[in-house]
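In: sequence unavailable; structure follows:
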């Protein structure tokens, strides 16, 4: 059996317009470029540029006794 809704609860409910707020369509497209436009790319800084110094790599090597140990090598 279906429930009956009392008329008092219907009159105290907020109208639909206050529950649903629509944003203007401009707000959704903010921050994006229009079609066909290219955005300027950020310049390369010292942090993002390729490092000038060699990289240190760790390699497992086996010594004369047959033990494996880590060894650092510059590349």
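Out: On my side now, so go ahead. Just so it is clear, the structure is predicted and the values come from calculations on it, not from any experiment. Residues are numbered from 1 along each chain as shown.
In: number of nearby residues for residue 37?
Out: 7 (other Cβ atoms under 10 Å). Glycine gets a C-beta too; all of them are placed from N, C-alpha and C.
In: and the one 4 residues further on, by the same measure?
Out: The burial metric for residue 41, expressed as a neighbour count using other Cβ under 10 Å, is 6.
In: one more: residue 52?
Out: 6.
In: name the SS class of it, please.
Out: Following DSSP: H, G, I helix; E, B strand; the rest coil, the label given to residue 52 is coil.
In: so residue 59 versus residue 73, what's the distance?
Out: Distance, residue 59 to residue 73, by Cβ to Cβ, to the nearest Å: 6 Å.
In: flag the shaky bits of the protein, pLDDT-wise.
Out: Flagging of the chain using pLDDT under 70 yields the residue ranges 1, 7-34, 47-51.
In: the helices in it, which residues?
Out: 7-12, 16-19, 25-29 (DSSP state H).
In: what about residue 74, how many residues nearby?
Out: Residue 74 has 8 nearby residues by other Cβ under 10 Å.
In: equivalent analysis for residue 68, please.
Out: Other residues close to residue 68 by other Cβ under 10 Å number 9.
In: hang on, isn't residue 59 packed against residue 74?
Out: No. The criterion here is Cβ atoms under 8 Å, and residue 59 misses it with residue 74 at 11.1 Å.
In: which ones are touching residue 62?
Out: Going by Cβ atoms under 8 Å, 6 or more residues apart in numbering, residue 62 touches residue 68.
In: ok, now which ones touch residue 58?
Out: Contacts were defined as Cβ under 8 Å, 6+ apart; by that measure residue 58 touches 70, 71, 72, 73.
In: I meant to write residue 63 there.
Out: Contacts for residue 63 (Cβ under 8 Å, 6+ apart) come out as residue 69.
In: got the phi and psi for it?
Out: Per-residue torsions, residue 63: phi -90, psi -170 (degrees, to the nearest 10).
In: with residue 66 instead?
Out: Main-chain torsions, residue 66, degrees, to the nearest 10: phi 90, psi 0.
In: thinking again about what came up before, of the contacts of residue 58, closest to residue 54?
Out: Here the nearest of the contacts of residue 58 to residue 54, counting by Cβ to Cβ, is residue 73; it sits at 9.6 Å.
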